[in-house]
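Chemist: Model the following, please.
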Amino acid sequence: MAAVTALDLMGVGLIPHSKPACLAWLKRNRVSAIFFGNIFCFQLSDLPAPERLAYLERSIATLGLPLGTYDDAAHGVFMKAPALMRERAERNAAMVRFLVSLGQRVGWSECLCLLHRKFGADCPSKATLKRYLKAVKDVDPINYAPALVPGYKGKVATADISDKAWQFFLTTIRDAGPEFPWIQAWRDTRDVGRRMGWAWPSYPTTYRRWTGLSEAQKLEARHGRADAARWLAQPAQRDKTTIGPLEWVSLDGRMLDFWADWGDGRAVRPIMLALVDVASNMVLDYGLAASENAADTVRVIKRICQTFGIPDRIYTDNGSSFAGHIVAGGNVHRFRNGGKNPRGFNHQVSASR
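Modeler: Below you'll find the predicted structure:
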């Protein structure tokens with residue numbers, strides 16, 4: 001296995017320089033530990049891409065080899081290969097770089113002895129090593145691992161995951177809350193899946209499927225659709241510095257949160273009709289009404305015209321009290337009874353200009 005110790009990884013990329021902080025960082029980034037006796041070891045292929053690149057650069061520089069140009073496309077395909085293939089390719093690449101660093105000054109028998117001493121007794125044969133050297137001919141040392149992936153064509157067989165198990169897992173993640181440990185949701189699904197007969201793969205396989213989801217899907221799974229939509233929505237950026245006073249006036253109605261007697265014995269929740277100047281956010285006038293209706297709307301508009309003058313534009317929603325004929329009449333509208341279209345308040349204001 002292409003395994004490295006925590007001591008080898010300290011100070012690589014964003015990995016801290018102290019051993020406890022290094023182990024904590026690796027745990028946070030889901031890099032699984034392998035134990036050789038009482039020594040923590042880690043697969044080089046499990047590291048995040050920036051730290052893996054930084055480790056390769058440092059190790060190649062130690063051997064005295066030129067780094068070469070990092071091939072983003074080749075490494076992108078490499079990272080999509082199955083984990084076992086990546087591990088073997090990383091180990092083979094390390095051995096080939098070691099052989100290349102020895103150069104022609106050391107014979108094959110000495111090379112094999114040094115290789116066994118450094119990488120263990122299970123090193124490939126001389127013929128296999130020659131085949132590896134041929135495969136990396138004219139390849140920069142930083143790109144040896146992608147060149148040594150055995151027979152990989154870019155297609156990864158996906159593990160069988162039951163749809164019911166996946167839905168149970170996502171429901172657990174959502175209902176348990178944003179802080180619920182991801183691995184515990186995987187364990188709960190595993191335990192239930194054993195009783196229900198669901199196909200549920202290993203933790204690394206499931207985590208790869210999770211990391212393959214988009215950020216929007218992860219947010220929805222963790223926090224629900226409403227919160228995800230709210231956080232992902234791009235706010236409208238409006239610039240009001242070019243708008244003059246009374247150029248745009250906003251008209252709307254809002255139901256107030258209390259009940260009142262409107263004089264006829266009925267308890268109603270009043271509607272506040274308000275006109276706001278968009279440029280200054282100033283409330284030009286408002287009125288209280290038992291309901292959102294055109295007559296009260298016209299009264300409020302008349303008052304602001306008397307006080308501040310006639311605005312250039314008034315924009316509203318499509319409610320009948322605002323968009324109806326009394327307020328916004330004059331538009332072509334064909335009545336069922338064939339009646340003529342009455343002129344609205346907007347025509348009276350236009351005529352008075």
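
Chemist: can we go C-alpha only for contacts and neighbour counts from here?
Modeler: Noted.

Chemist: Tell me which residue is most central in the chain.
Modeler: By C-alpha atoms, centre = their mean, the chain has its centre lying nearest to residue 215, at 2.3 Å.

Chemist: Phi first, then psi, for that residue.
Modeler: phi -60, psi -30 (degrees, to the nearest 10).

Chemist: Give me the distance between it and residue 170.
Modeler: Distance of residue 215 to residue 170, computed by C-alpha to C-alpha, to the nearest Å: 14 Å.

Chemist: before we move on, what about residue 43?
Modeler: 29 Å.

Chemist: try residue 89
Modeler: 34 Å.

Chemist: These two: which is more packed in?
Modeler: The neighbour comparison of residue 89 against residue 170 (other C-alpha atoms under 10 Å) goes to residue 89, with 23 against 20.

Chemist: Strands of this protein, start to end?
Modeler: For the chain, the strands defined by DSSP state E cover 3-5, 33-36, 39-43, 248-255, 260-261, 267-268, 271-277, 283-289, 313-315.

Chemist: Where does pLDDT dip in this structure?
Modeler: Applying pLDDT under 70 to the chain picks out residues 1-3, 35-38, 40, 60, 104-106, 150-159, 323-325, 328-353.

Chemist: in it, which helix has the most residues?
Modeler: helix 83-102 (DSSP state H).

Chemist: quick one: that one to chain centroid distance?
Modeler: 34 Å (C-alpha atoms, centre = their mean, to the nearest Å).

Chemist: Also stretch 228-241?
Modeler: 17 Å.

Chemist: Any idea how far apart the tips of that stretch sit?
Modeler: End-to-end span of stretch 228-241 (C-alpha to C-alpha): 32 Å.

Chemist: buried sites along it?
Modeler: The neighbour-count check on stretch 228-241 (16 or more other C-alpha atoms under 10 Å) flags residue 228 as buried.

Chemist: Please report how far residue 15 lies from residue 147.
Modeler: Taking C-alpha to C-alpha, one finds residue 15 at 27 Å from residue 147.

Chemist: for residue 179, same thing?
Modeler: Distance, residue 179 to residue 147, by C-alpha to C-alpha: 41 Å.

Chemist: From the neighbour counts alone, determine which of the two ranks first.
Modeler: residue 147 (20 against 8).

Chemist: Please tell me I have it right and that one contacts residue 138.
Modeler: No: here residue 147 lies out of contact with residue 138, judged by C-alpha atoms under 8 Å, at a distance of 10.7 Å.

Chemist: ok, for residue 182, nearest residue in space, not its chain neighbours?
Modeler: residue 173 (7.2 Å; C-alpha to C-alpha, 6 or more residues apart in numbering).

Chemist: And for residue 97?
Modeler: In this structure, residue 97 finds its nearest non-sequential neighbour in residue 141, 6.7 Å apart by C-alpha to C-alpha, 6+ apart.

Chemist: Would you state the helices of the stretch 251-353 of the chain in chain order?
Modeler: For the stretch 251-353 of the chain, applying DSSP state H, counting those that start in this stretch gives helices covering 294-308, 320-323, 325-328, 345-352.

Chemist: can you give me how far the longest one is from the chain middle?
Modeler: If I follow you right, that is helix 294-308. Here helix 294-308 is found 48 Å from its chain centre; the criterion is C-alpha atoms, centre = their mean.

Chemist: cool, stretch 232-249 as well?
Modeler: Centroid separation for stretch 232-249 versus its chain: 29 Å, with C-alpha atoms, centre = their mean.

Chemist: who's in contact with that stretch?
Modeler: By C-alpha atoms under 8 Å, 6 or more residues apart in numbering, the residues outside stretch 232-249 that reach it are 216, 275-280, 310-315.

Chemist: Among these, name the buried ones.
Modeler: Among those, those that count as buried by neighbour count (16+ other C-alpha under 10 Å) are 275-279, 310-311, 314.

Chemist: thought residue 275 was touching residue 281?
Modeler: No: the criterion here is C-alpha under 8 Å, and residue 275 misses it with residue 281 at 9.8 Å.
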